[in-house]
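[1] I would like the atomic coordinates for the input below:
(2 chains)
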There are 2 protein chains.
Amino acid sequence: MSSNFVFINDAFFQASQSAILVKDLSVQRGYGIFDFFKTVNNRPIFLDDHLDRFYYSAAQMHLQVSQSRAQLKEILKELMKLNNMPDSGIRITLTGGYSADGYNLAEQPNLIITQNSFSIHQHAIDKGIKLVTYNYQRQLSHIKTLDYLTAIWLQPLIKENAAEDVLYHNNGALRECPRANFFLVTANNEVLTAGDGILKGITRKNILSLPQTEIPIIEKEITLDELAGAKEAFITSTTKNIMPVTTIDGKSIGNGKLGPLTSKLQELLKIKAS
Amino acid sequence: MSSNFVFINDAFFQASQSAILVKDLSVQRGYGIFDFFKTVNNRPIFLDDHLDRFYYSAAQMHLQVSQSRAQLKEILKELMKLNNMPDSGIRITLTGGYSADGYNLAEQPNLIITQNSFSIHQHAIDKGIKLVTYNYQRQLSHIKTLDYLTAIWLQPLIKENAAEDVLYHNNGALRECPRANFFLVTANNEVLTAGDGILKGITRKNILSLPQTEIPIIEKEITLDELAGAKEAFITSTTKNIMPVTTIDGKSIGNGKLGPLTSKLQELLKIKAS
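    Now for the predicted structure:
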């Protein structure tokens, strides 16, 4: 994670000097939200979608953003200029702030904006990845909070299963990966993705809003049992775009290769993001 | 939260200088564990119980503690000497460390030890408090993690209900408060407390290990419905000792006052902690 300048509250700092006091509610109680977008050739991708969600997450978690959207955009512009990192990931974090008693919300949250170099994993996008399922429902899943406790705790399980990521289900109802949404292509060539109990990703949103003349994409509960009959599956995120899933719990999805509908959607998304 | 010196990894810092880099996994992903004990007249209360749980939580979350128990005790001793704060709360936090990619665990966690002045809320202990219930099961509840996301998010709900704290239940099975265990006295003078889906508190542990000649204390699932027939209820924690609960969801427990069994247990615990 290379990084040059970091913005904290009202000033820019060298990454090596980018610190917050340990009384911050993220350190004390894991409390905060964030959003994350990429820049391609210095152009932020789906920036307004990400800012919409950032302000939404903040409001949901009772965190007041001091900066207006225009001010935030100015800060982002300046950060990008300072760092001169055309292809990057930019993360905007808002924590519970410096709590007086280490538990109750502070008057002011802390705002932290980092920019790091970033490259899409093209190999995995072409070749596909393996998932292992796990019964877990994220708390406050509609909000992009800092809570990745179970996700990181599960890292050994993922390795033991020779998988690349975990797919959560809530007692059989498929949900999402910790940092990506999940889609499945049925035998009838319908593309399904969960509509409840998940974080609604920006890539997911932009796929759902593709013109649906050719490929029907439907928000609908999918069960673990439906994986057996699936022709294709893929996950979506800012860093992964549309990444085919070839294997879940050791069983091939369809023929275990990048499928035609996944490939078609990859193309359509590329056009939309350009 | 007054504080003087803070220990971070291998050195003492003034509280105003006690910072960690924003790439720490607590700030990035809410990942870490902690424990918290009190000192009374410079004597740590139930220290070994707290250190047992600290090392247990760390191991469960794949975090390696660099310091042996003896080393940790030396550091605590020095911190107490530096701060000269006889009645205090000491918190030992261990985060996921400086992650290379902001997601995977670092080689080394960050260790943070803070000491703050502290006084028991004797008024609430004498008078009792009001709770409001909420359907929520903590993730990895047996581990003392940094995750208080839902607890802090619920602060407005607690206020709206003129309550002092929230009591979680999992679809009707009573669990715990965010920072305290819950006990109930039945019509048959049995003292019940949940045994599953909770963090096993140190005060709770010491109550369960009281000689049971007089008062039977049983780990057992308690349902929301059982609150109506309860004679007494109380919560327990390091900061609250045994605190009577007089009202839950607007309904009185028993006669709505500190009951005789709660009072008796308060006495027995006081002896045990002395």
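
[2] which intervals of the stretch 101-250 of chain A have sub-threshold pLDDT?
    Scanning the stretch 101-250 of chain A for pLDDT under 70 picks out the ranges A:212-213.

[3] Can you tell me the closest non-neighbouring residue to residue A:54?
    Distances taken as CB to CB, 6 or more residues apart in numbering or on different chains place residue A:35 nearest to residue A:54, at 4.1 Å, with adjacent residues excluded. Placement of C-beta: from N, CA and C, glycine included.

[4] buried sites along the helix or strand harbouring that neighbour?
    Here residue A:35, judged by DSSP states H and E, is contained in strand A:32-40. Across strand A:32-40, burial judged by 16 or more other CB atoms under 10 Å in any protein chain shown covers A:32, A:33, A:34, A:35, A:36, A:37, A:38, A:39.

[5] ok so, going back, surely the residue nearest to residue A:54 is in contact with residue A:146?
    No: the pair formed by residue A:35 and residue A:146 falls short of the contact definition of CB atoms under 8 Å, at 11.5 Å.

[6] between the two, what contacts are shared?
    Taking CB atoms under 8 Å, 6 or more residues apart in numbering or on different chains as the contact criterion, no residue touches both residue A:35 and residue A:146.

[7] still on that earlier bit, which one among the buried residues of strand A:32-40 gets closest to chain B?
    Distance to chain B, by CB to the nearest CB, is smallest for residue A:32 among the buried residues of strand A:32-40, at 7.5 Å.

[8] Quickly list what that closest one is bridged to.
    Beta-bridge pairing for residue A:32 (DSSP bridges): residue A:95.

[9] residues in contact with it?
    Contacts of residue A:32 by CB under 8 Å, 6+ apart are A:25-26, A:61, A:63, A:93-96, A:109, A:145-146, B:27, B:30.

[10] Could you do residue A:265 as well?
    Residues in contact with residue A:265 (CB under 8 Å, 6+ apart) are A:191, A:207, A:210, A:215, A:234, A:242.

[11] Now render the residues you listed as TSV, adding secondary structure, neighbour count and distance to residue B:140.
    Converted to TSV, these look like this (DSSP: H, G, I helix; E, B strand; the rest coil; neighbours: other CB atoms under 10 Å in any protein chain shown; distance: CB to CB, whole Å):
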residue	secondary structure	neighbour count	distance to residue B:140
A:191	strand	23	34
A:207	helix	23	32
A:210	coil	17	38
A:215	coil	16	39
A:234	strand	31	29
A:242	strand	24	32
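
[12] Mind putting those residues into TSV with distance to residue A:251?
    Below are those laid out as TSV (distance: CB to CB, whole Å):
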residue	distance to residue A:251
A:191	20
A:207	25
A:210	29
A:215	24
A:234	16
A:242	21
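
[13] Can you pick out the most distant pair from those?
    A:210 and A:234 (13.9 Å; CB to CB).

[14] residue contacts, the closest residue to residue A:203 other than its chain neighbours?
    In this structure, residue A:203 finds its nearest non-sequential neighbour in residue A:236, 4.2 Å apart by CB to CB, 6+ apart. Applying CB under 8 Å, 6+ apart to residue A:236 gives the contacts A:180, A:181, A:183, A:201, A:203, A:204, A:207, A:242, A:243.

[15] How about the fourth one: what's its closest non-neighbour residue?
    So that's residue A:201. Per CB to CB, 6+ apart, closest to residue A:201 is residue A:181, 4.6 Å.

[16] Just confirm that neighbour contacts residue A:240, I think it does.
    No: Residue A:181 lies out of contact with residue A:240 (CB under 8 Å); the separation is 9.7 Å.

[17] who has more neighbours, the two?
    Counting neighbours by other CB atoms under 10 Å in any protein chain shown for residue A:181 and for residue A:240 shows that residue A:181 has the greater number, 24 against 21.

[18] what's across from that one in the sheet?
    Using DSSP bridges, the bridge partners assigned to residue A:181 are residue A:176, residue A:236.

[19] For it, give its distance to residue A:190.
    Residue A:181 is 16 Å from residue A:190, where distance means CB to CB, to the nearest Å.

[20] out of the contacts of residue A:236, who's nearest chain B?
    Comparing these against chain B with CB to the nearest CB places residue A:180 closest, at 12.4 Å.

[21] re the thing from before, who are the contact partners of the residue nearest to residue A:54?
    Residue A:35 is in contact with A:50, A:51, A:53, A:54, A:57, A:91, A:92, A:144, counting by CB under 8 Å, 6+ apart.

[22] go on, residue A:56?
    residue A:143.

[23] Now do the host helix or strand of it: distance to the chain's middle.
    Assigned by DSSP H and E, residue A:56 belongs to helix A:47-60. Relative to its chain's centre, helix A:47-60 lies at 13 Å (CA atoms, centre = their mean, to the nearest Å).

[24] Show me which residues of the following helix or strand past it are buried.
    Scanning forward in sequence from helix A:47-60 by DSSP H and E, the next helix or strand is helix A:69-83. Residues A:72, A:75, A:76, A:79, A:80, A:83 are the ones in helix A:69-83 that count as buried (16+ other CB under 10 Å).

[25] and the first one, what does it touch?
    The reference is to residue A:72. A:51, A:65, A:92.

[26] Go through those residues and say which is closest to residue B:124.
    If you rank those by distance to residue B:124 using CB to CB, residue A:65 comes first, at 34.7 Å.

[27] which residues touch the closest one?
    A:54, A:55, A:58, A:72, A:94, A:109, A:111.

[28] Over to it: give its phi and psi.
    phi -80, psi 120 (degrees, to the nearest 10).

[29] how far away is it from chain B?
    Residue A:65 is 17 Å from chain B, where distance means CB to the nearest CB, to the nearest Å.

[30] Next: residue A:11.
    Counting by CB to the nearest CB - residue A:11 and chain B are separated by 13 Å.

[31] Setting aside sequence neighbours, what's the nearest residue to residue A:26?
    residue A:95 (4.0 Å).

[32] thought the one you found was touching residue A:105?
    No: counting by CB under 8 Å, residue A:95 does not reach residue A:105; the two are 10.1 Å apart.

[33] the more surrounded of these two?
    Set residue A:95 next to residue A:105 and count neighbours by other CB under 10 Å: residue A:95 wins out with 29 against 21.

[34] Identify the residues contacting that one.
    Contacts for residue A:95 (CB under 8 Å, 6+ apart) come out as A:20, A:24, A:25, A:26, A:31, A:32, A:109, A:110, A:112, A:146, B:27.

[35] taking those residues one by one, which sit in strands?
    A:20, A:32, A:110, A:112 (DSSP state E).

[36] so what's residue A:14 closest to, chain neighbours aside?
    Leaving aside its chain neighbours, residue A:14 sits nearest to residue A:5 (6.6 Å; criterion: CB to CB, 6+ apart).

[37] Distance of that neighbour relative to residue A:173?
    43 Å.

[38] Comparing these two, which residue is more hemmed in?
    residue A:5 (22 against 16).

[39] What values do phi and psi take at whatever residue of the stretch 151-274 of chain A ends up closest to chain B?
    Relative to chain B, the nearest point of the stretch 151-274 of chain A is residue A:152 (5.2 Å; CB to the nearest CB). Here is the backbone geometry of residue A:152 (degrees, to the nearest 10): phi -70, psi -40.

[40] quick one, domains of chain A?
    A:5-117, A:122-273 (automatic domain parsing).

[41] Now do the same for the closest residue to chain B within chain A: its pLDDT.
    Closest contact between chain A and chain B, by CB to the nearest CB, is at residue A:30 (3.0 Å). Here the pLDDT value assigned to residue A:30 is 98.
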